[in-house]
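K.L.:
Next come a sequence and a model predicted from it.
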Amino acid sequence: MQKKEKYTVWTNPMHNWNRAFDNVTITPDVEKAVEKQLQKVDSKKIAERAKAFTTPVTSETLSKTIG
Amino acid sequence: MPSKSNHSPKPLRFFDFGSSDPLSGLRDSTQVRYLQRYFAELNAAVVLEEPNYFDRDYLAEFSAFYSVSAAGYPNICRRLHFFSDSRVNRTLVEEAASGNEEAAKTLNSSYLGFIVVRPIPAAPLGRTIVRWYEDRQPSIPRNTQPSREYRVNIAGFQLTVRGLAWQEQDTGVGACATIALWTMLHSSAFDDHHAIPTTADITRAAHKNASMGARMFPSGGLRHDQICEAIKEQNLSPVIFEGDIKNKSGVTVGFSRERFASTCAALIRSGYPVLFSGVFLDDDPTLSGHAMCAVGFRSCSPGVVKAGDIELQESSIEHLYIHDDNIGPSVRFGIAEIKVNGLMRGDKIMVISPSAPPPAVPASALPDSTDGYPAFRPTTLTVAVHNDLRISPDKLHESGMFTAKFLSTVILVLAKEARTDAFGVTVSTRFTKLADYVNRELKETIGTNPSLLGRVRLQLWETVPPMSLHLGLVRLGLGDGDGTPLLDILYDTTDTDRNNPVFAHIPYHSWVKSFVPQIAKASDRDFGFCVDGF
């Protein structure tokens, strides 16, 4: 069996895309279900994870010599 | 006083690559052995020596430091050119010099790069550009966006090599931080921006407003604030990222894998090399640190993301390519997480160590000169970015993570409707020029459908308000392990983080488009104009 080629989100060609959700009919009921779930999203958890990306630079760091 | 013979005309010389070539004739060092192995793995066959070469960088070092030394250093260098074709010889060069295009083509196709050899016995390896190894996995590519093309002129014919400049530190004019900064400022991202500064220019710029009484030459190192000042003197903006892992005393000791890998990848993919500063694992942390410059990384294939969850796609990258003046150019480093004493429970810290790719022919491979090199713990990342980039890379990640979480929730509901497996969402970010996004990135993504490509390009030009020269780009993908793009979000880089400025979004599937308004409402975010990418 031929090994399936692996891609990244930047290199994946269109013909290889996953179309599993393209045929879902978006009815008012589906929209309501989505809206209900979106209201339940706990932003605090993501905010906690995103904290790693907001580290302040200290004056101690700025005065450290390299080399 | 330098002998006049230093400037006498000398013929080009040709050597078989190996133990009797001029590279082997240099003082033995880790760097020389690394370069020998690197060129051997590129199948180097011939070395052409230009015995007289005035190098702009060395002339600046000479003017700043060596010219007034009692040692009588000459101001002229040698330049060694490496070729993989064993037919390269004087006859072929004479034909190329005579305008024979076929001969010039043969030389160019086998050209592997060059080394400027300075007349400084302790640190002879000056500006060095080496070709990248062939990429054997183009679908999971090695990203070397900061690399640029260097043109080399010899006797009327031109050779080209794509790479990024490296040199070993001489400590007269530049220490490791200066060299890393010098490599950073060679990046292709700054091609249309400025003349590339020499190491002497950088050391001077670092001392211009922030010397605090320290002497300029010989250069014993730079403080972070001096690195930032040197970047600003080039009319660019410095951005520093401090580690996110603290020890029990609250002192920052390094990075988590997610923060480190995804930040490095986003910056390198944007064309910005990343200066790592930190300490070797076996060193006393109170000593002055070391600096190196990351110039590439190997992409990772996206993993399967748990339903309802999100993943920063590049948090799993395994290898970075780093210019380390202690070793050489494009050294492959592996990323690992370790536990060390004093961390909070469960925390791990990220370290990098050389991890040479397996040799093409193990039996005849030269020894790996990086063996035994200690693990390095980066504590700070520094980049130079264009002045109009006011939005931070961190903001792109944070914003992308929030939107991905909401989109992954939409997928949970749809999967139930479609009676199929649900997956989470991947997040990947970068900065790009608007023109590069429209020309190259969109073509890469939807180029197999030319009418769609044309429609998207024209809509971006005609229906979206005027966009900035540089864009912040967040790409969300389906976390099914295949990397299917779902949504691009284009950020205005000329506004502040606080305004969350979005120009437009491009959904690649109609179902994504249907739910963007609901996501915008639930997350209280604006996604700008919609340009259909399906």
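P.N.:
Looks like it arrived, so ask away. Source: prediction; values computed, not measured. Residues are numbered from 1 along each chain as shown, chains lettered A, B, ... in the order given.
K.L.:
Next up, the contacts around residue B:424.
P.N.:
Residues in contact with residue B:424 (C-beta atoms under 8 Å, 6 or more residues apart in numbering or on different chains) are B:305, B:306, B:307, B:308, B:309, B:310, B:311, B:404, B:408, B:411, B:479. Using the backbone N, CA and C atoms, a C-beta is placed for each residue, glycine as well.
K.L.:
burial of residue B:137, as a residue count?
P.N.:
Look at residue B:137: counted by other C-beta atoms under 10 Å in any protein chain shown, it has 12 neighbours.
K.L.:
How about residue B:338?
P.N.:
13.
K.L.:
Residue B:50: what secondary structure?
P.N.:
strand (DSSP: H, G, I helix; E, B strand; the rest coil).
K.L.:
What residues does the stretch 101-250 of chain B have near chain A?
P.N.:
B:138-141, B:169, B:175-178, B:219-225, B:227-228, B:240-244 (C-beta under 8 Å from any C-beta of the partner chain).
K.L.:
among the contacts of residue B:424, which are in helices?
P.N.:
B:404, B:408, B:411 (DSSP state H).
K.L.:
Tell me who's in contact with the residue in the stretch 351-500 of chain B that chain A sits nearest to.
P.N.:
Nearest to chain A in the stretch 351-500 of chain B, going by C-beta to the nearest C-beta, is residue B:477, at a distance of 3.6 Å. Residues near residue B:477 by C-beta under 8 Å, 6+ apart: A:9, A:12, B:302, B:313, B:425, B:426, B:428, B:483, B:484, B:485, B:486.
K.L.:
What are the boundaries of the helices in chain A?
P.N.:
A:28-39, A:43-50, A:59-62.
K.L.:
any chance of these in TSV, plus mean neighbour count?
P.N.:
Shown next, in TSV, are those (neighbours: other C-beta atoms under 10 Å in any protein chain shown):
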stretch	mean neighbour count
helix A:28-39	15
helix A:43-50	14
helix A:59-62	14
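K.L.:
With respect to residue B:116, which of these lies nearest?
P.N.:
helix A:59-62 (33.4 Å; C-beta to C-beta).
K.L.:
Briefly note if the closest one comes near chain B.
P.N.:
Yes: shown here: helix A:59-62 in contact with chain B (C-beta under 8 Å from any C-beta) through A:61, A:62.
K.L.:
next one: that helix to chain centre, how far?
P.N.:
32 Å (C-alpha atoms, centre = their mean, to the nearest Å).
K.L.:
host element of residue B:58?
P.N.:
helix B:56-64 (DSSP states H and E).
K.L.:
Quick check: next helix or strand after that helix?
P.N.:
Counting by DSSP H and E, what follows helix B:56-64 is strand B:77-83.
K.L.:
Quick one: list the elements packing against whichever helix or strand comes after that following strand.
P.N.:
Using DSSP H and E, the next helix or strand after strand B:77-83 towards the C-terminus is helix B:90-97. Helices and strands touching helix B:90-97, by 3 or more C-beta pairs under 8 Å, 6 or more residues apart in numbering or on different chains; DSSP states H and E, are helix B:101-109, strand B:157-163.
K.L.:
and the helix or strand just after the last one, what's its mean pLDDT?
P.N.:
Sequence-wise, the next helix or strand beyond strand B:157-163 is helix B:176-184, with elements assigned using DSSP H and E. Taken as a whole, helix B:176-184 has a mean pLDDT of 94.
K.L.:
try stretch B:322-333
P.N.:
97.
K.L.:
Only C-alpha atoms, please: export that stretch in PDB.
P.N.:
Extracted as PDB, the C-alpha positions of stretch B:322-333 are listed here (Å, rounded to 0.1, in the frame of the first residue of the first chain):
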ATOM      1  CA  ILE B 322      20.800  27.600  13.900                       C
ATOM      2  CA  HIS B 323      23.800  29.700  13.000                       C
ATOM      3  CA  ASP B 324      26.000  29.300  16.100                       C
ATOM      4  CA  ASP B 325      29.400  31.000  16.000                       C
ATOM      5  CA  ASN B 326      30.800  28.200  18.200                       C
ATOM      6  CA  ILE B 327      29.900  25.600  15.600                       C
ATOM      7  CA  GLY B 328      28.900  26.800  12.100                       C
ATOM      8  CA  PRO B 329      26.000  27.700   9.800                       C
ATOM      9  CA  SER B 330      22.600  26.000   9.700                       C
ATOM     10  CA  VAL B 331      23.400  23.600  12.500                       C
ATOM     11  CA  ARG B 332      20.500  21.300  13.100                       C
ATOM     12  CA  PHE B 333      19.300  21.400  16.800                       C
END
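K.L.:
when you scan that stretch, is anything in it near chain A?
P.N.:
No: under the criterion of C-beta under 8 Å from any C-beta, stretch B:322-333 makes no contact with chain A; the nearest approach is 9.1 Å.
K.L.:
Next, the buried residues of that stretch.
P.N.:
Within stretch B:322-333, the residues scored as buried using 16 or more other C-beta atoms under 10 Å in any protein chain shown are B:322, B:323, B:324, B:325, B:326, B:327, B:328, B:329, B:330, B:331, B:332, B:333.
K.L.:
from the residues you listed, which single one is nearest residue B:529?
P.N.:
residue B:322 (39.8 Å).
K.L.:
List the ones among the buried residues of stretch B:322-333 that fall in strands.
P.N.:
In this view, the buried residues of stretch B:322-333 that belong to strands under DSSP state E are B:322, B:323, B:324, B:328, B:329, B:330, B:331, B:332, B:333.
K.L.:
Looking at these, which is nearest residue B:81?
P.N.:
residue B:329 (15.6 Å).
K.L.:
Next up, the contacts around the closest one.
P.N.:
Counting by C-beta under 8 Å, 6+ apart, residue B:329 has contacts B:38, B:128, B:129, B:130, B:163, B:164, B:166, B:295, B:323.
K.L.:
Not counting its neighbours along the chain, what's nearest it?
P.N.:
residue B:166 (3.6 Å; C-beta to C-beta, 6 or more residues apart in numbering or on different chains).
K.L.:
count of neighbours near the one you found?
P.N.:
Residue B:166 has 30 nearby residues by other C-beta under 10 Å.
K.L.:
so it makes contact with residue B:327?
P.N.:
No: with contact defined as C-beta atoms under 8 Å, residue B:166 does not reach residue B:327; the gap is 9.6 Å.
K.L.:
Nothing else from me, thank you.
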